[in-house]
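>>> Here's a sequence, model it:
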Amino acid sequence: SGFFLLSRFVKKDSRFCVEHGKQGLVLFIVELIVGVLYIIPIIGRIIGYIGGIVMFVVSLIAFIYAIQGKFWKIPGVYDLGKNFKF
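Numbers count the residues shown, from 1 in each chain. As a prediction, this is how the structure comes out:
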């Protein structure tokens, strides 16, 4: 979902929110890719199911960290997110 945009527009001066937004953007792009792969018969469905579960768990953990005011550098996602000018 596009909730990553919310952090950008509501608290654009907060580094905490901007960094969460960048990671959210990367997760959103991965979700789109998993969704497209789901179209492929059999292997795409397997990737889609597993990817969907992984994305849900990662997003849930990131959400819990965020509401606690903690920052979680999601492995791999954080590094990709640093490349975005948000």
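>>> from what I can see Val10 touches Phe16, true?
No. Val10 is beyond contact range of Phe16, at 11.8 Å (criterion: Cβ atoms under 8 Å). For glycine as for every other residue, the C-beta is placed from the backbone atoms N, C-alpha and C.
>>> out of those two, which sits in the busier spot?
Neighbours around Val10 and Phe16, counted as other Cβ atoms under 10 Å, are more numerous at Phe16. The numbers are 13 against 10.
>>> list residues touching both of Val10 and Phe16?
Here Val10 and Phe16 have no joint contacts, going by Cβ atoms under 8 Å, 6 or more residues apart in numbering.
>>> Centroid-nearest residue for the chain?
Central residue of the chain (Cα atoms, centre = their mean): Leu27, 2.3 Å from the mean position.
>>> which stretch of helix or strand covers it?
If you go by DSSP states H and E, Leu27 is part of helix 15-37.
>>> List the contacts of that helix.
1-5, 7-8, 10-12, 44, 47-48, 51-52, 55, 58-59, 62, 66, 69, 71, 74, 77-78, 80-82, 84, 86.
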